[in-house]
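Engineer: Take a look and give me a structure for this.
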Amino acid sequence: MADLFTFDSTTAAARCDSCGTLSMLGTAMVYMDAMGSVVRCPGCDNVLATIVQGDDRVWISMHGVSALEVPR
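Structural biologist: Numbering: from 1, shown residues only. Okay, here's the model as predicted:
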């Protein structure tokens with residue numbers, strides 16, 4: 001995600017929509033394979049985000065995040 005955002009995305013805090021845990025994205029578990037990446041909550045293993053890269057674009061779904069806190 002660092003390629004897409006101008007800030008260090010590992011220092012952003014995400015609130016899990018399932019369990020309410022607020023934690024730095026750097027502590028989330030990321031599972032990557034040929035289909036894309038899945039980011040899971042460190043508290044409950046809920047899917048926070050999915051990332052799929054194509055030849056000329058990237059699709060990001062953050063359906064498991066209820067809030068994203070970005071440092072400035």
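
Engineer: quick check: longest strand of this protein.
Structural biologist: strand 47-53 (DSSP state E).

Engineer: Flag every buried residue along that strand.
Structural biologist: 47-51 (16 or more other Cβ atoms under 10 Å). Glycine gets a C-beta too; all of them are placed from N, C-alpha and C.

Engineer: And the strands in this structure?
Structural biologist: With DSSP E as the criterion, the chain has strands spanning 13-16, 22-24, 29-33, 36-40, 47-53, 58-61, 65-69.

Engineer: In this structure V58 contacts I51, no?
Structural biologist: Yes. When contacts are counted by Cβ atoms under 8 Å, V58 is listed as touching I51 (6.6 Å).

Engineer: end-to-end on stretch 53-67?
Structural biologist: With Cα to Cα, to the nearest Å as the measure, stretch 53-67 spans 23 Å from end to end.

Engineer: Not counting it itself, show me its contacts.
Structural biologist: Applying Cβ atoms under 8 Å, 6 or more residues apart in numbering, the external contacts of stretch 53-67 come out as 1, 4, 14-18, 20, 22, 36, 41, 46-52, 68.
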